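Q: Provided below for reference: sequence and predicted model.
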Amino acid sequence: MLSNRNIAIGTFLLLFAFMQVLWDVPSPLPTNQLFMILGMVLVLSRSGADDRVLNWSCILFLGAIVLSIVSNQIPPFFKPWQRLLQFVFLMVAVSPMIEGQLVNRLRRHMTMGVLWACGIVAVVSFLTYLTGQGRYLDGIIQGYMGITSHPNFLGMFVMVAMVWFSSLYFRSTENWERITWGGCWLASLIVILLSASRSSSACALLGTLLVVYLRFRKNMGKLFTAVVVLFVAFIFSVPKLLPYMSTMMQKGMSRQSDTADALVAATRGSIWDLRIIELRESPWVGVGAFSCDINLPNADIFYTESTGSIELGSSYLGLLSQLGWIGFLCFMVVAIPILVKTLRYALNENTPYAQLMAALMIPIFIHMSVEGYAITAGAVQCVILWMVLGAANQCDRVADYPVLWEKEDPITPAQYQRYKEEEEE
């Protein structure tokens, strides 16, 4: 039966495979494509013609991607049309491109599956660290990978998990719940420090602070108490956390030391320079979606011809270089209105659903400035980005979120406000 619970569990299991958690075990199936195709089928099957609403800003963004492809001679090994088809599957499955009552509920449950999958990855990675079974990246900087295939992947998952655990902590009513979610958050903090991903660590802490601020902003006494407690806890925990930050500090010092020429060239700054050059070459339509200019100096360091994958260095610079200003502005037309609406309901209506979405969106948007995955449908970071956008777009219709899955229709922001007013009387 295609119940809400089964959808959430199925999403969780598929995303677990998508995260390459069991990457040492060969899989005969392309699990990332299966995830998006299944999501697309579910969306289309649960959206009746009379209930279906198209988000034209998303369609405009897809049009900008097509324009960038047809306007450029892209090397065939980048497979732009195949990657575009994969991205269309992603947009249909998780983005706000197609909406409706049943589709929106499906996306909310898929989002719950994503949040729990990230949480499980964080906690299991912590346990494997304690038992010595976790994996490390080979090389000069040996960042912790946990049960994923790269420290940057682990950092993104744990960043989302820390926001989720902090949200669960502050909605807890029992002491055992607070101990459980607080312990999971602390374990996640240790894992993200071990990964040596500074951007993910900073964004995770920002997301946690946003959860605290949005929850207590109308109660200055509680907000002040929470800030004091967090500050004191931070002061006393720094000496305990320093051993877990050794790889991160080593990563910072390595930038000031002499290394091999290839490693010096392979810095984020060098990647950004290439993206800026590509933007100047073709400012309006870019050099082509899912591709790069292979003729630039040192460009071959940052792409793999056998797979067609590219190291963009930044989602925003990647959008500008691949799609030009037209594609970049089309993306902003999709993302900015959703962010503004989410913040409005989080700040003015104080709905828990909008507050959770805002605490996820803002760190992800900041994280995108140093990691390139805005249209990389094969990356789970891209799935998380568009799934959060699809879920956040519903904050004007949904006021609260379940811990697991919805057992009844969610209350609207207006109903939530009436409930809070009755509670205060």
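A: That came through, no problem.

Q: From the structure, what's the count of residues near residue 191?
A: The local packing count at residue 191 equals 28, with neighbours defined by other CB atoms under 10 Å. Heads up, the C-betas are built off the backbone N, CA and C, glycines and all.

Q: Check whether it really touches residue 146, as I assumed.
A: Yes. Between residue 191 and residue 146 there is a contact under CB atoms under 8 Å: 6.1 Å.

Q: Find the residues that touch each one of the two.
A: By CB atoms under 8 Å, 6 or more residues apart in numbering, residue 191 and residue 146 have these common neighbours: 122, 125, 126, 129, 154.

Q: Between these, which sits nearest residue 173?
A: If you rank these by distance to residue 173 using CB to CB, residue 122 comes first, at 23.3 Å.

Q: ok so, going back, among the shared contacts of residue 191 and residue 146, which are located in strands?
A: When DSSP state E defines the strands, the subset of those inside them is empty.

Q: Only whichever of these are buried, select them in ChimeraX.
A: Buried residues within these, by 16 or more other CB atoms under 10 Å, are selected in ChimeraX with:
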select :122,125,126,129,154
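
Q: Now intersect the shared contacts of residue 191 and residue 146 with the helices, please.
A: 122, 125, 126, 129, 154 (DSSP state H).

Q: Between those, which sits nearest residue 329?
A: residue 154 (32.7 Å).

Q: list the contacts for that closest one?
A: The neighbourhood of residue 154, defined by CB under 8 Å, 6+ apart, consists of 121, 125, 144, 145, 146, 148, 191, 192, 195, 197.

Q: Let's see if you can find the most crowded of the residues you listed.
A: residue 192 (33 neighbours).

Q: and residue 135, backbone torsions?
A: Dihedral pair for residue 135: phi -110, psi 150, per degrees, to the nearest 10.

Q: Repeat that for residue 54.
A: When read as degrees, to the nearest 10, the backbone of residue 54 gives phi -90, psi 140.

Q: Would you enumerate the residues in contact with the closest residue to residue 309 other than its chain neighbours?
A: The shortest distance from residue 309 to any residue that is not its chain neighbour, by CB to CB, 6 or more residues apart in numbering, is 6.7 Å, and that residue is residue 303. The contact partners of residue 303, by CB under 8 Å, 6+ apart, come to 292, 294, 309, 310, 311.

Q: tally of neighbours for residue 367?
A: When counting by other CB under 10 Å, one arrives at 25 neighbours for residue 367.

Q: got it, and residue 273?
A: Neighbour count of residue 273, defined by other CB under 10 Å: 16.

Q: That one: which element?
A: In this structure, residue 273 sits in helix 268-281 according to DSSP states H and E.

Q: Using PDB, write out every CA atom in that helix.
A: The C-alpha coordinates for helix 268-281 follow below in PDB (Å, rounded to 0.1, in the frame of the first residue of the first chain):
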ATOM      1  CA  ARG A 268      39.300  26.500  -4.700                       C
ATOM      2  CA  GLY A 269      40.700  29.800  -5.700                       C
ATOM      3  CA  SER A 270      42.100  28.300  -8.900                       C
ATOM      4  CA  ILE A 271      38.700  26.800  -9.700                       C
ATOM      5  CA  TRP A 272      37.000  30.100  -9.100                       C
ATOM      6  CA  ASP A 273      39.400  31.800 -11.500                       C
ATOM      7  CA  LEU A 274      38.500  29.300 -14.200                       C
ATOM      8  CA  ARG A 275      34.800  29.900 -13.600                       C
ATOM      9  CA  ILE A 276      35.200  33.600 -13.900                       C
ATOM     10  CA  ILE A 277      37.100  33.300 -17.100                       C
ATOM     11  CA  GLU A 278      34.300  31.100 -18.500                       C
ATOM     12  CA  LEU A 279      31.800  33.700 -17.500                       C
ATOM     13  CA  ARG A 280      33.700  36.400 -19.300                       C
ATOM     14  CA  GLU A 281      33.900  34.200 -22.400                       C
END
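
Q: After it, which helix or strand is next?
A: Sequence-wise, the next helix or strand downstream of helix 268-281 (DSSP H and E) is strand 303-304.

Q: Please work out the average pLDDT along that next one.
A: Per-residue pLDDT values across strand 303-304 average out to 90.

Q: so where's the stretch 201-350 of the chain uncertain?
A: 222, 224, 226-266 (pLDDT under 70).

Q: ok, 90 please
A: 215-270, 297-302, 306-307, 349 (pLDDT under 90).

Q: Now residue 199: closest residue in space that isn't a chain neighbour?
A: Leaving aside its sequence neighbours, residue 199 sits nearest to residue 370 (CB to CB, 6+ apart; 4.5 Å).
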